[in-house]
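> sequence plus the predicted model coming up.
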Amino acid sequence: MGKRVSVRVVDADGSTRDLVGTLVSPTTVKRRDESEVEFDPAAISHWRVVAMTSQKAGTGAPMSVRVREIEAAAACTWPAEITVMSGGWLLRSSGGVTRRANSALPLGNPPFGDPDSGVEHAVAEVVEFARMHGMRPAIQVALPVYAPLDEHLAESGWEAASEHHVLVHDARSIGVREPSTLPRRWKLRHEDQPSEAWRSVQGRDAEAIIMSRWPADYLSLWADDIPVGAGRLAISDGWGVITRVFVSPACRRSGAGVAIMEELARVALASGVERLAVQVSDDNRPALGLYARLGFRHHHTYRHRVHEALSAQESPSADKALGG
């Protein structure tokens, strides 16, 4: 799962149709517009993995297309418990765990994301969806693509709760080292689920259920048989989305963060993925410094707008990992 595929299906009347998108289950393809199409595996005449062109991350397509593509990949790899597609807006709820999984995400054409019945109706639907699921109304606005929407929300009393940078890089450019060149006391371990050891570095368990909904590589860095670093790589539509990069305080400024990122880049390349993306809070200076040293480039930002002022106790947890 997570790869972009082309599937030809033969329908009962003998006609054929081609489905192109990200394979999200053995019977479902998700298109670029976030709509999902189910198919019967027995009706497949042939299929193939769509080869991704070798293109510098964050270039090629128009800016609006690139932003929506990255935002969709990030949402796909951080799946909310409940999702509803309303026009071009993705409504998400996950019991308050992270704003990314508890907010509306416009993904349609700019300037307002293709709401079904106008922006006012879309905003009202977000408020009602939030009320139904017992959470504060929130909208994740990608900038500058949806700047008019952001201005409209600000004028309507929606407050800015947080802002994140979306950074991109080419996996081949990070200078991936082979694990054998790491300090002898360091060991790298890979798992397909967030294990207890992996979570112990991060200090939070609440997000494990979100992460487990999408296939990912969970990397941990061990020093003298103690886990001291961790990171996650999940793939969707040709993007390797890196999240939850942490290094224990005692091991910071030792090169551990660089080692984790280089290894995640190696995993991406081994999976045929050359484009990497990370989402970083604008107040996470250590993370921004690490990614700048590695050569990550700023692609765009996104802002969470909330319907009311949020207290620290009431707001869903904001991501403070090195990798969002």
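Now that the structure is in, tell me what you want to look at.

> check the gap between the residue nearest the centre of the chain and residue 133 for me.
Centroid-nearest residue in the chain, with Cα atoms, centre = their mean: residue 74, separated by 2.0 Å. Using Cβ to Cβ, to the nearest Å, we find residue 74 at a distance of 21 Å from residue 133. C-beta coordinates here come from the backbone N, C-alpha and C atoms, glycine included.

> picking that back up, mind checking how far the residue nearest to the centre of the chain is from residue 259?
Taken as Cβ to Cβ, the span from residue 74 to residue 259 is 24 Å.

> what sits against residue 257?
Contact analysis of residue 257 by Cβ atoms under 8 Å, 6 or more residues apart in numbering lists 229, 245, 247, 290, 322.

> just the buried subset of those residues, please.
Buried by 16 or more other Cβ atoms under 10 Å: 229, 245, 247, 290, 322, out of these.

> and the contacts of residue 257, which two are furthest apart?
229 and 290 (11.8 Å; Cβ to Cβ).

> quick one on the thing from earlier: ok, the buried ones among the contacts of residue 257 vs residue 14, which is closest?
For the buried ones among the contacts of residue 257, the nearest to residue 14 is residue 245 (50.9 Å; Cβ to Cβ).

> and whatever helix or strand that closest one lives in, average pLDDT?
Here residue 245, judged by DSSP states H and E, is contained in strand 239-247. Strand 239-247 shows a mean pLDDT of 96.

> which is the next helix or strand following it?
Past strand 239-247, the next helix or strand by DSSP H and E is helix 256-270.

> check which helices and strands the next helix or strand along the chain from that following helix sits against.
As assigned by DSSP H and E, the chain's next helix or strand after helix 256-270 is strand 275-281. Under the contact definition 3 or more Cβ pairs under 8 Å, 6 or more residues apart in numbering; DSSP states H and E, strand 275-281 sits against helix 63-77, strand 159-170, strand 239-247, helix 256-270, helix 285-294.

> looking at those, which one is packed in the most?
Greatest average neighbour count among the helices and strands packed on strand 275-281 goes to strand 239-247 (a mean of 27), per mean count of other Cβ atoms under 10 Å.

> so what strands line up beside that one?
Applying DSSP bridges, strand 239-247 is found paired with strand 226-236 (antiparallel), strand 275-281 (parallel).

> also compute the angle for it relative to helix 285-294, please.
130 degrees (axes from the mean of the first three to the mean of the last three Cα atoms, to 10 degrees).

> quick one: contacts for residue 237?
4, 22, 32, 69, 72-73, 76.

> let's see it at 7 Å
The contact partners of residue 237, by Cβ atoms under 7 Å, 6 or more residues apart in numbering, come to 4, 22, 69, 72-73.

> residue 211 too?
By Cβ under 7 Å, 6+ apart, the neighbours of residue 211 are 194, 232.

> who is residue 226 paired with across the strands?
Assigned bridge partners for residue 226, using DSSP bridges, are residue 223.

> er, residue 300 I mean
Here residue 300, judged by DSSP bridges, has bridge partners residue 166.

> related to what we said a few turns ago, now, which of the buried ones among the contacts of residue 257 sits nearest residue 156?
Closest approach between these and residue 156, by Cβ to Cβ: residue 322, at 34.2 Å.

> where does pLDDT dip in the stretch 101-250 of the chain?
Within the stretch 101-250 of the chain, the segments meeting pLDDT under 70 span 175-180, 204.

> repeat the analysis, applying 90 as the threshold.
Scanning the stretch 101-250 of the chain for pLDDT under 90 picks out 116-117, 173-184, 202-207, 250.

> helices and strands around the helix or strand containing residue 198, which ones?
Residue 198 belongs to helix 196-202 when assigned by DSSP H and E. Other elements packing on helix 196-202 under the criterion 3 or more Cβ pairs under 7 Å, 6 or more residues apart in numbering; DSSP states H and E are strand 216-223, strand 226-236, strand 239-247.
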